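Visitor: Here is a sequence together with a model predicted from it:
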Amino acid sequence: MALRDLVRRRDSGVAITGDGRSLTYDELWRRGDLAASALGAVRGQVGYVDRNGTEFWELFLGAAKAGVTLVPLNFRLSADELAWICADAGITLVVAGEAFAASLPPSVEVVRVGRDYERWIASPSSAVPRDAGPALLMYSSGTTGRPKGVRIEAAQLAWTVAACGSRFSVDGATVSLVPTPYHHIAGAGWSLVTLAAGGTIVQNREPTPDSMLRQLVEHRATHAAMVPSLIQAIVDSPAASEVSTLRHVVYGGAPIPPALMKRATDVLGARFHQSYGLTETTGVATVLAPEDHFVESRLLSVGRPLPGIEVSIMDGTGEVLVRGPSLTSGYWNRDSDDLFTPDGRLRTGDAGVLDDGGYLYLRDRIKDMIISGGENVYPAEVEKVLSDHPSVLDVAVIGTPSARWGETPLAVVVASAPLDGASLIAWCRERIAHFKCPTEVVFVDALPRNASGKVLKRVLREGRLS
């Protein structure tokens with residue numbers, strides 16, 4: 001299937017709406033053709049940096065026709081980070097929202113969303129379309145160093161769109177709320193699943209519980225993708241009772257607590273699906289089905305593999321391995337040998353276990369695992385225990401060198417009230433095995449995080465070693 005053909009052709013159906021602007025499928029295809037003509041003169045890749053907007057999908061269709069790779073850029077990145085990605089990806093032109101244009105390097109041509117963009121797509125080019133490279137280059141959030149450009153090919157997208165459309169009951173009557181930014185595979189991928197089925201996506205440019213509730217009600221949304229913290233905030237709102245059309249909610253990033261699951265089901269009346277995957281797996285590798293959400297032990301699982309996806313556990317390290325048609329072919333401009341096992345399974349970097357029913361339970365990131373006296377300690381488990389303390393606002397656990405044990409857990413804590421390390425260590429020793437407990441606690445005002453909100457544990461380790 002050609003990349004452009006992933007987006008359904010429907011003359012009058014609404015393809016995209018939300019925040020005051022709508023496009024029918026016919027209008028989207030027409031503007032995609034204009035973008036393709038304008039992109040014909042571009043020698044390099046094209047970037048997009050803005051909150052969710054219709055221009056992204058016009059560029060998606062246009063880039064596919066012109067043989068140009070589209071690179072969604074995280075609008076939360078600094079000017080230096082954006083400059084590095086532009087250079088690494090070979091971006092020569094960026095379509096940018098007004099608020100983000102000034103952060104782009106002088107090496108790229110900037111087309112501002114609005115009048116500038118409208119003039120640009122109205123300027124045809126006589127250039128001949130090129131051989132297509134990757135459909136998308138999606139850059140990782142870079143918790144361990146420079147971000148990596150993940151190659152997303154048309155075949156990966158086609159397989160994932162078909163598999164997810166079937167699993168999540170997406171069709172031409174679907175109205176999907178999309179609060180996740182398009183620079184995340186979850187945002188772009190979830191939208192494309194809906195557009196491929198001929199449904200409608202409701203863009204949310206600045207997601208808050210209030211704005212999402214307003215759009216769920218106003219647009220009579222049938223589907224939504226969000227994280228558990230947003231689900232909690234939505235069901236806590238008195239306005240949640242006005243949501244009457246929601247049928248399916250896809251969430252990820254963390255398990256959903258049993259009490260929240262019951263309340264969300266009661267309040268919203270929707271079926272919940274938890275998904276797990278990486279940018280390198282085109283978003284979804286496993287799904288916890290709605291019926292599994294009522295088996296309490298399975299709420300800690302990320303579900304079972306999609307049909308056609310194989311999940312296994314590497315001996316020794318416990319790393320989760322994935323094989324199937326949704327996998328990336330590798331990274332842009334860098335060696336990808338370490339990404340795959342010799343037999344072609346993708347190394348996720350996550351530690352996990354499979355139960356007898358094929359359900360996957362995640363433990364932690366392999367790179368964050370602490371080996372203390374020969375025992376594996378997963379920081380996420382220790383962080384969960386510490387975060388249950390009423391005076392712990394935020395916490396991260398890393399390994400610190402130990403002459404006796406090799407390394408031991410060190411807790412870096414943001415406290416909401418006066419607290420001492422000894423009491424926190426004692427709290428842990430009452431709840432988990434002693435070898436898992438921190439041997440030291442350091443208090444800080446805030447934890448370092450990247451643009452996606454992930455804790456930068458390498459920064460904590462480097463600070464400790466220095």
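Guide: Looks like it arrived, so ask away.
Visitor: Quickly find the element holding Thr400.
Guide: strand 392-402 (DSSP states H and E).
Visitor: Name the residues that touch that strand?
Guide: Here strand 392-402 makes contact (Cβ atoms under 8 Å, 6 or more residues apart in numbering) with 368, 370-372, 377, 379, 382-383, 386-387, 407-416, 419, 424, 438-440, 446-447, 455, 457, 460-461, 464. Just so you know, the C-beta spots here come from the backbone N, C-alpha and C atoms, and that holds for glycine as well.
Visitor: Please flag which of the residues you listed sit within strands.
Guide: 370-372, 377, 407-415, 440 (DSSP state E).
Visitor: List the contacts of Phe294.
Guide: Met261.
Visitor: Now the phi/psi pair for it, please.
Guide: Main-chain torsions, Phe294, degrees, to the nearest 10: phi -100, psi 10.
Visitor: Quick one: the helices in the stretch 51-200 of the chain, in order.
Guide: 54-66, 79-89, 115-121, 154-167, 185-197 (DSSP state H, counting those that start in this stretch).
Visitor: so can I have CSV of those showing distance to Tyr251?
Guide: Below are the helices of the stretch 51-200 of the chain laid out as CSV (distance: least, Cβ to Cβ, whole Å):
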stretch, distance to Tyr251
helix 54-66, 22
helix 79-89, 28
helix 115-121, 33
helix 154-167, 14
helix 185-197, 10
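Visitor: For Arg146, which of those helices is the nearest?
Guide: Ranking the helices of the stretch 51-200 of the chain by proximity to Arg146 (Cβ to Cβ) places helix 79-89 first, at 6.7 Å.
Visitor: Next, the angle from the helix or strand of the chain with the lowest mean pLDDT to strand 392-402.
Guide: Using mean pLDDT, DSSP states H and E, the weakest-scoring helix or strand in the chain turns out to be helix 457-465, at a mean of 82. Inter-element angle recorded for helix 457-465 and strand 392-402: 60 degrees (by axes from the mean of the first three to the mean of the last three Cα atoms, to 10 degrees).
Visitor: residue with max distance from the center of this structure?
Guide: The centre of the chain is farthest from one residue, Arg404, which by Cα atoms, centre = their mean lies 39.5 Å away.
Visitor: His389 contacts Ala426, doesn't it?
Guide: No. Taking contacts as Cβ atoms under 8 Å, His389 lies outside contact range of Ala426: 10.6 Å.
Visitor: Between these two, point out the one with more neighbours.
Guide: Neighbours per residue (other Cβ atoms under 10 Å) separate His389 from Ala426, with His389 holding more: 19 against 12.
Visitor: Can you verify that one is assigned to a helix?
Guide: No. Going by DSSP: H, G, I helix; E, B strand; the rest coil, the assignment for His389 is coil, not a helix.
Visitor: Next one: it from Gly421, what distance?
Guide: Noted for His389: a distance of 12 Å to Gly421, by Cβ to Cβ, to the nearest Å.
Visitor: And Ala83, by the same measure?
Guide: 41 Å.
Visitor: Same question for Phe100.
Guide: Counting by Cβ to Cβ - Phe100 and Gly421 are separated by 42 Å.
Visitor: ditto for Tyr361
Guide: In terms of Cβ to Cβ, Tyr361 sits 30 Å off from Gly421.
Visitor: what's the answer for Met261, then?
Guide: Counting by Cβ to Cβ, the gap from Met261 to Gly421 is 35 Å.
Visitor: Give me the more crowded residue out of those two.
Guide: Met261 (19 against 15).
Visitor: so how many other residues sit close to the residue lying closest to Val227 once chain neighbours are set aside?
Guide: Using Cβ to Cβ, 6 or more residues apart in numbering and skipping the chain neighbours, the partner closest in space to Val227 is Gly253 (4.6 Å). The tally of other residues near Gly253 (other Cβ under 10 Å) stands at 14.
Visitor: repeat for Val382
Guide: Other residues close to Val382 by other Cβ under 10 Å number 23.
Visitor: Give the bridge partners for the closest residue to it other than its chain neighbours, please.
Guide: Spatial nearest neighbour of Val382, chain neighbours left out: Val397 (4.7 Å); criterion: Cβ to Cβ, 6+ apart. Assessed by DSSP bridges, Val397 has beta-bridge partners Ala411.
Visitor: State the distance from Val397 to Ala79.
Guide: 32 Å.
Visitor: These two: which has the busier surroundings?
Guide: Taking neighbours as other Cβ under 10 Å, Val397 and Ala79 compare with Val397 leading, 30 against 12.
Visitor: Look up how far Gly187 lies from the more buried one.
Guide: 30 Å.
Visitor: cool, and Thr328?
Guide: 17 Å.
Visitor: go on, Asp50?
Guide: Taking Cβ to Cβ, one finds Asp50 at 12 Å from Gly187.
Visitor: more neighbours, the two?
Guide: Comparing Asp50 with Gly187 by other Cβ under 10 Å, the one with more neighbours is Asp50, at 25 against 22.
Visitor: who touches the closest residue to Ser22 other than its chain neighbours in this structure?
Guide: Distances taken as Cβ to Cβ, 6+ apart place Val14 nearest to Ser22, at 5.6 Å, with adjacent residues excluded. By Cβ under 8 Å, 6+ apart, the contact set of Val14 is 22-25, 200.
Visitor: just the buried members of those?
Guide: 23-25, 200 (16 or more other Cβ atoms under 10 Å).
Visitor: ok, back up a step: how would you label the residue nearest to Val227: helix, strand or coil?
Guide: coil.
Visitor: Which pLDDT value goes with it?
Guide: Per-residue confidence (pLDDT) for Gly253: 79.
Visitor: Quick check: phi and psi at it.
Guide: phi 100, psi -30.
Visitor: Quick check: bridge partners of the closest residue to Gly18 other than its chain neighbours?
Guide: Once flanking residues are discounted, Gly18 sits nearest to Gln203: 3.8 Å by Cβ to Cβ, 6+ apart. Going by DSSP bridges, Gln203 is paired in beta bridges with Val178.
Visitor: hmm, back to that, okay, and which of the buried ones among the contacts of Val14 map to strands?
Guide: Going by DSSP E, the strands hold 23-24, 200 from the buried ones among the contacts of Val14.
Visitor: and the nearest residue to Asn52 once chain neighbours are set aside, how far is that from Ala36?
Guide: Among residues not flanking Asn52 along the chain, Gln203 sits closest, at 4.3 Å (Cβ to Cβ, 6+ apart). Gln203 is 22 Å from Ala36, where distance means Cβ to Cβ.
Visitor: Could I get the average pLDDT for stretch 228-239?
Guide: Per-residue scores along stretch 228-239 average to 90.
Visitor: Next: stretch 134-142.
Guide: On average, stretch 134-142 scores 86.
Visitor: if I pick the residue nearest to Ser169 when sequence neighbours are not counted, what's in contact with it?
Guide: Leaving aside its chain neighbours, Ser169 sits nearest to His248 (6.0 Å; criterion: Cβ to Cβ, 6+ apart). His248 is in contact with 168-169, 222-224, 270-273, counting by Cβ under 8 Å, 6+ apart.
Visitor: buried subset of these?
Guide: For the contacts of His248, buried by 16+ other Cβ under 10 Å: 168, 222-224, 270-273.
Visitor: Buried residues, the strand or helix carrying Arg347. List them.
Guide: Using DSSP H and E, Arg347 sits within strand 346-354. By neighbour count with 16+ other Cβ under 10 Å, strand 346-354 contains the buried residues 346-352, 354.
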